[in-house]
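S.K.: sequence unavailable; structure follows:
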């Protein structure tokens, strides 16, 4: 407890007066550094505050503040009539070990532990590729997003003092105003017969798929999807430890006779359908198959996860009511959202199911992100009530229909030698299959050289190796000029690799 | 294919001209209803459009539109020179079965499938209890939330046309501006040595805990926590299939010698610590234990999940730098957020770790909610840059310190016969243990009769049955008057049950 002061503080401590960090904290940081690196051993006596203040040319009060701080943090201890010492109870650290790898996070990103790798999940998509035009898989055009309406409604809500209550912890099920509005919205627009207790507000459809998967598919339970199917849903089922069984998809949608056959051999927990427009192929599930599927669900007690991702975009006729509108026995979990109508970054969706299922989903959701953004949820409720959403939806539907017609017209005119496709009745994308022997990888590589990027993960649409050779080409987010450019590039690429 | 028209359309179809739904769609809905209920069998001939329009007193074009719609949806088919028929390929549905349970969602909430129940998870907390004053476990006072600053910055961002790009799909890792700002913010305020690739923006600390748990604890891996510990973290570990081993917590925080003993017997995947102020007890992890824990992590290759939930609230001295600031071997996953500074409903936090770990977390996060709210993230970045966050943080820290002093002063003055507690050096709550033989359930029930509610799930703090008999009493969200009311009610309750 009485080792002499031999450490050269004066030459080792550097005070940066231009720094925003308090001088006394700079002093603390450096002394802690010396202790941790072993340069100042346990029980080393520290210089008195007067001495150190003179050495470092700082105010004595600053040194006292630093010592107080170090003491409150247990680094040093004061012994009456003896002085101030490095705490004797600190474990001795091997300086070599530490100095060898300082700044490791910065320089080498070493990892000191094991963790589960998830190769079935995608880390980055199209948004991280550099290109002049990015051809997505069917997303809205953010340039048309009603940002002024959003900002106006948001401002009206934040202006009201009583709305401060929206800022504290709220119900995990979601803002009550929005749930009330959604009951009417869903019942009127989709023929559901639902009430507030059947609705959980999510961060978009994807959270709905995640919650449903975690509820239904633990311990290798079986989910039936189409061959082919929406790749992110497949990934979500795999993450939940579910086993995917695939049935074929034809021009009437997913084949329910095959589902019936699977049910004879296995206990099925769920069937995932995008009944309105099958993802990725865009076909609509036919009326007889809808009824067959509901009947199978009733008889075999499985859940139908109905992902109605583009209900609001139908161009040839009125949208077909979802399976959920005819769900008399509580078999359907109905999932949808507003990201496709408003904007992908404003993530609000809904998970509609029997109350007990909704409550279980809420339990889980509570540990995912606790709750939604109540200010934004209230904003959306307002926009539904005052008609902003419906007006915007009508507006963009017209624009997207024109884009579909232009894109499909040009595709038919110029590229039928290479591509097979059907004009989609709705939605934001065309399912385009490349005729053999052409290969999308080669086409995409050539297109990227011409500054047009497509979804690099397209092979996941053929997880069953059925040879679909298809990709979704989103037309909704491309304006007229961009559509023409994309078609021209595809034409030139195909001719070059012919 | 030629059954005669015997179904009495005229008397069964009701057109509501006041409805917002198109008349032709009303007609569709009802005909579909008849088909589904079996009232119109497959191959039934439908009346001609002229006949039906006369019967129903609607325009013939309306009937034609309805038939077109039904045809496009496959419900009916037109046979040239013969007429229009219900599709013969529809499965015959048993009408009894359907009519028996219509409106089941609405009336009975029957469930047609099996799903996993999660008793370890909480569905609702304090926010759903009715009371004049709700005593939380340490959350900010939403009445102090800087809603004007948020609204102002949000407006500035939405006003700029080029910010529409923020509305499309963005990087799952989070808005790049915010990540850049956070690098400086975290390195300066917390002594981290981090860069952009080490940061994932989350929806608050809870999402960070969830992601870390899912990465580290699958397949019954072991996580060490304190006895007692933050209950929501415990629940999240259990959800991830982790096994919780508990070590004791004393006045120096979590006992690292006990952790060392556990490591001798088991392979440990993670240790969860709230090092700054242990949750729930509020004690600060001592310097020697910090170094010991880091050393153990290096030698045993486990991850330290450091949840620094209230770093910004320290009243007696400067905050102690997190373990992450001294993490030389990549052992620490550092989790924090802005919900405690700004408002619980605006959920933005961060997950800081070696790049490869961050990338894995991003893969998973992509299927949870795809990405954050980029408008809000950009708003926060702006508020950090222009000093709004720091100013607000300084302002509320002073207020919370006053509230701590008032609350603890009154507690000491009036209730030391019944309660044990230490004045917390920081944070928003006091850990209050009820002396034996008093019971919190009885106290809470009596308090609720006087319109004061506490966290009903408090028993989860004693999952190990160690007899802690403690709850966290949040003082930060109570103003002076409310603090006095709570103390008075507790006093009157304790005297009544004495």
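M.R.: Now that the structure is in, tell me what you want to look at. Not measured: the values here are computed from a predicted model. Numbering: from 1, shown residues only, chains lettered A, B, ... in the order given.

S.K.: spell out which parts of the stretch 351-498 of chain A neighbour chain B.
M.R.: A:354-357, A:359-360, A:362-364, A:366-371, A:373-376, A:425, A:477 (Cβ under 8 Å from any Cβ of the partner chain). Where you see a C-beta, it was placed from the backbone N, CA and C, and this is true even at glycine.

S.K.: so which of those sit within helices?
M.R.: Applying DSSP state H to these, the entries found in helices are A:355-357, A:359-360, A:362-364, A:366-368, A:374-376.

S.K.: between those, which has the most around it?
M.R.: Among these, residue A:374 has the most neighbours (other Cβ atoms under 10 Å in any protein chain shown), with 28 neighbours.

S.K.: just the closest of the ones in helices among the residues of the stretch 351-498 of chain A next to chain B to residue B:287, please.
M.R.: Nearest to residue B:287, judged by Cβ to Cβ, of those is residue A:367 at 32.1 Å.

S.K.: skip the chain neighbours and tell me the closest residue to that closest one.
M.R.: residue B:236 (4.8 Å; Cβ to Cβ, 6 or more residues apart in numbering or on different chains).

S.K.: check for me that that neighbour belongs to a strand.
M.R.: No - counting by DSSP: H, G, I helix; E, B strand; the rest coil, residue B:236 falls outside a strand, being helix.

S.K.: what is the burial count for it?
M.R.: 28.

S.K.: wait, what's in contact with it?
M.R.: Residue B:236 makes contact with A:367, B:206, B:209, B:210, B:213 under the criterion Cβ atoms under 8 Å, 6 or more residues apart in numbering or on different chains.

S.K.: how about JSON lines for those residues, with pLDDT and secondary structure added?
M.R.: Output for the contacts of residue B:236, formatted as JSON lines (pLDDT from 0 to 100; DSSP: H, G, I helix; E, B strand; the rest coil):
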{"residue": "A:367", "pLDDT": "96", "secondary structure": "helix"}
{"residue": "B:206", "pLDDT": "97", "secondary structure": "helix"}
{"residue": "B:209", "pLDDT": "98", "secondary structure": "helix"}
{"residue": "B:210", "pLDDT": "98", "secondary structure": "helix"}
{"residue": "B:213", "pLDDT": "98", "secondary structure": "helix"}
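
S.K.: could you pick out the buried ones from the residues you listed?
M.R.: A:367, B:206, B:209, B:210, B:213 (16 or more other Cβ atoms under 10 Å in any protein chain shown).

S.K.: out of these, which comes closest to residue A:161?
M.R.: Top of the list for closeness to residue A:161, among these and by Cβ to Cβ, is residue B:206 at 28.2 Å.

S.K.: what about the nearest residue to residue A:431 once chain neighbours are set aside, how many residues close to it?
M.R.: Once flanking residues are discounted, residue A:431 sits nearest to residue A:281: 4.5 Å by Cβ to Cβ, 6+ apart. If you count neighbours by other Cβ under 10 Å, residue A:281 ends up with 26.

S.K.: got the contacts of residue B:236 as TSV, with distance to residue A:249 columns?
M.R.: Shown next, in TSV, are the contacts of residue B:236 (distance: Cβ to Cβ, whole Å):
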residue	distance to residue A:249
A:367	35
B:206	38
B:209	39
B:210	34
B:213	36
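
S.K.: would you map the strands across the stretch 351-498 of chain A?
M.R.: Along the stretch 351-498 of chain A, counting by DSSP state E, counting those that start in this stretch, strands occupy A:419-420, A:429-434, A:452-453, A:470-474.

S.K.: most packed of those?
M.R.: Among these, strand A:470-474 has the highest mean neighbour count (mean count of other Cβ atoms under 10 Å in any protein chain shown), at a mean of 24.

S.K.: what pairs with that one, parallel or antiparallel?
M.R.: strand A:429-434 (antiparallel) (DSSP bridges).
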